[in-house]
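1. build me a model from this:
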Amino acid sequence: MKQEIRSERVQESYQKIDHPSGLTLLLYPMEGFSSAYAMLTTDYGSVDMAFRTDPQADFTRIPAGTAHFLEHKMFENEDGDAFAKYAATGASANAFTSFDKTSYLFGCADHFEESLRILLEFVTTPYFTQQTVSKEQGIIGQEIKMYDDNPDWRVLFNLLKAMYVKHPIAIDIAGTVESIAEITADSLYETYRAFYNLRNMVLTVAGSFSPDAVVRIADEMLRPAPQLQLERDFVQEPEQV
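-> Below you'll find the predicted structure:
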């Protein structure tokens, strides 16, 4: 289904398309621009630490920092590294994890369609081994220690810890050195299958591009995702402390 959405405030319109795969497309072609940006986002962040996809099953509880860890590992596929592929197209790529979202993005002035294919391919093709997970634990462990020395970051999380007793929003997005040591290749695959369902994701594109090309590439690369049966569980905060 295709819907035209217009903002009278900025006098601009964009298209919302419910793709047959389950992915939501938000397409904002902009005349007069020479570059394009795309961002693929899943509704999954650091606070999502307990979930189930079967209403009859117990909740699966995962270590703090899993969402951020998964973001790091998604760029590595069996046939190479997505950053190297982007370097060949001239695109600038990045990713980030927040409390409730994980996003993968790129910007480019040329080779937009090739860059979009790279994005859709690596985010929909997970590849984890225990060897690569162990290597990443050391890398992210150093990142965590770096943020431990960042005054702004520490003030933020000290404030959150003072505000929340049990809610995972008070835990660093990257987790702790101890929590990420519990992450395994199997736990990453299980988490990926739950949250990286295309029905739980949105592709946003803006700038100089053809909406028809985006739809065509999505048609070629994406198969219909299974129905989403995802339930999250959050620890309730006490009314008094």
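2. mind listing the strands for this structure?
-> Secondary structure of the chain (DSSP state E): strands at 2-7, 12-18, 24-29, 36-42, 50-52, 60-61, 76-77, 80-81, 92-97, 102-108, 201-207, 231-232.
3. can you tell me how far residue 160 sits from residue 54?
-> Here residue 160 is placed at a distance of 32 Å from residue 54 (C-beta to C-beta, to the nearest Å). C-beta: built from backbone N, CA, C; applies to glycine.
4. show me what the residue nearest to the spatial centre of the chain is bridged to.
-> Closest residue to the average C-alpha location of the chain: residue 102 at 2.6 Å, with C-alpha atoms, centre = their mean. Beta-bridge pairing of residue 102 under DSSP bridges involves residue 42, residue 97.
5. contacts only, for it.
-> When contacts are counted by C-beta atoms under 8 Å, 6 or more residues apart in numbering, residue 102 is found next to 41, 42, 44, 45, 67, 70, 71, 95, 96.
6. mark which of those residues are buried, thanks.
-> Buried by 16 or more other C-beta atoms under 10 Å: 41, 42, 44, 45, 67, 70, 71, 95, out of the contacts of residue 102.
7. and those residues, which is closest to residue 201?
-> residue 42 (4.8 Å; C-beta to C-beta).
8. how confident was the prediction at the closest one?
-> Confidence at residue 42, expressed as pLDDT, is 99.
9. now do the contacts for it.
-> 101, 102, 103, 195, 196, 200, 201.
10. could you measure from it over to residue 200?
-> 6 Å.
11. ok, now residue 78?
-> 24 Å.
12. quick one: which of those two has more around it?
-> Comparing residue 78 with residue 200 by other C-beta atoms under 10 Å, the one with more neighbours is residue 200, at 18 against 8.
13. spatially nearest residue to the more buried one (excluding sequence neighbours)?
-> Leaving aside its sequence neighbours, residue 200 sits nearest to residue 43 (C-beta to C-beta, 6 or more residues apart in numbering; 5.0 Å).
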